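*Asks:* Need a 3D model of the sequence below.
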Amino acid sequence: MDDMTTFAWDSTTDDVTDGIDLSDMTAVITGSSSGLGVETARALAARGARIIGANRAGDKSVAALDALRAEVPGVDAAIVDLDLGSLASVRSCAQQIHDITDRVDILINNAGVMATPQEATTDGFKRQFGTNHLGHFLLTRELHDLLASGGKGGGARVVCLSSAGHWGSAVDLDDPNYSNRPYDKWEAYGQSKTANALHAHEISIRYREDGISAFSVHPGVIMTNLARYLTEQ
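*Replies:* The predicted model follows:
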């Protein structure tokens, strides 16, 4: 694959990663037990990456790990428990990752929720902003030293999954938690996705000298369980 290769709507993950060697690299992927996270883990593992999936504990997470090992024989993979709606869980997850590895080359902040009812995280934040942005913000910060170690080896990357939904709202810094305005599920989703994009932008500035770059990615419209709160109407 040369630098002039272009991709289209029907390009696969294998097309995009063709010729890329990720051997000796460690990738942390949030939400690797379903949806895009499953395919992301498979694609990176197929190119030699060590995979650490950060998911809610349970049978689904274990099944995804077993499926990855079956799909990519010999893969070095592990799972750690993560509930992005709990800052205590985020800190615990980061510690688990520190116990497993001394460096992170790729962090993919993939997990998220969309158009949820007016619910709160364990810490009292609106669920979409707390889960999609604040949880990933804290996880990235807690893994900074491991990312910096990866950066010394040629550059670490942070990928923040955003969405075209960011057009739905800027981040209301005066009331991000909808304490003084009516809750709108789509506006709240847009706010969280804007926050994801701004997070990536700021990482690229603040962590640049540590060899860490960051990217905000809109993955396209794909039917996954992200849409579980939607109806057919």
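
*Asks:* Look at the most far-flung residue of the chain relative to its centre and give its secondary structure.
*Replies:* Most distant from the centre of the chain: residue 180, at 29.6 Å, with distances by C-alpha atoms, centre = their mean. Under DSSP: H, G, I helix; E, B strand; the rest coil, residue 180 falls in the coil class.

*Asks:* tell me the pLDDT at it?
*Replies:* Note for residue 180: predicted pLDDT of 94.

*Asks:* Just to be sure, residue 170 is in a helix?
*Replies:* No - assigned with three-state DSSP, residue 170 falls outside any helix and is coil.

*Asks:* wouldn't it be in contact with residue 195 here?
*Replies:* No - in this structure residue 170 lies outside contact range of residue 195 using C-beta atoms under 8 Å: 9.4 Å. Using the backbone N, CA and C atoms, a C-beta is placed for each residue, glycine as well.

*Asks:* who's more crowded, those two?
*Replies:* Neighbour tally, residue 170 and residue 195, criterion other C-beta atoms under 10 Å: the higher count belongs to residue 195, 24 against 13.

*Asks:* The residue lying closest to that one once chain neighbours are set aside and residue 109, how far apart?
*Replies:* Once flanking residues are discounted, residue 195 sits nearest to residue 133: 3.9 Å by C-beta to C-beta, 6 or more residues apart in numbering. Residue 133 sits 9 Å away from residue 109, taking C-beta to C-beta, to the nearest Å as the criterion.

*Asks:* Can you show me the CA trace of stretch 92-101 as PDB?
*Replies:* C-alpha atoms of stretch 92-101 as PDB (Å, rounded to 0.1, in the frame of the first residue of the first chain):
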ATOM      1  CA  SER A  92      -9.700   0.900  38.200                       C
ATOM      2  CA  CYS A  93      -9.500  -0.100  34.500                       C
ATOM      3  CA  ALA A  94      -6.500   2.100  34.000                       C
ATOM      4  CA  GLN A  95      -4.800   0.400  36.900                       C
ATOM      5  CA  GLN A  96      -5.600  -3.000  35.400                       C
ATOM      6  CA  ILE A  97      -4.000  -1.900  32.100                       C
ATOM      7  CA  HIS A  98      -0.900  -0.700  34.000                       C
ATOM      8  CA  ASP A  99      -0.700  -4.100  35.600                       C
ATOM      9  CA  ILE A 100      -0.800  -5.800  32.200                       C
ATOM     10  CA  THR A 101       1.500  -3.600  30.100                       C
END
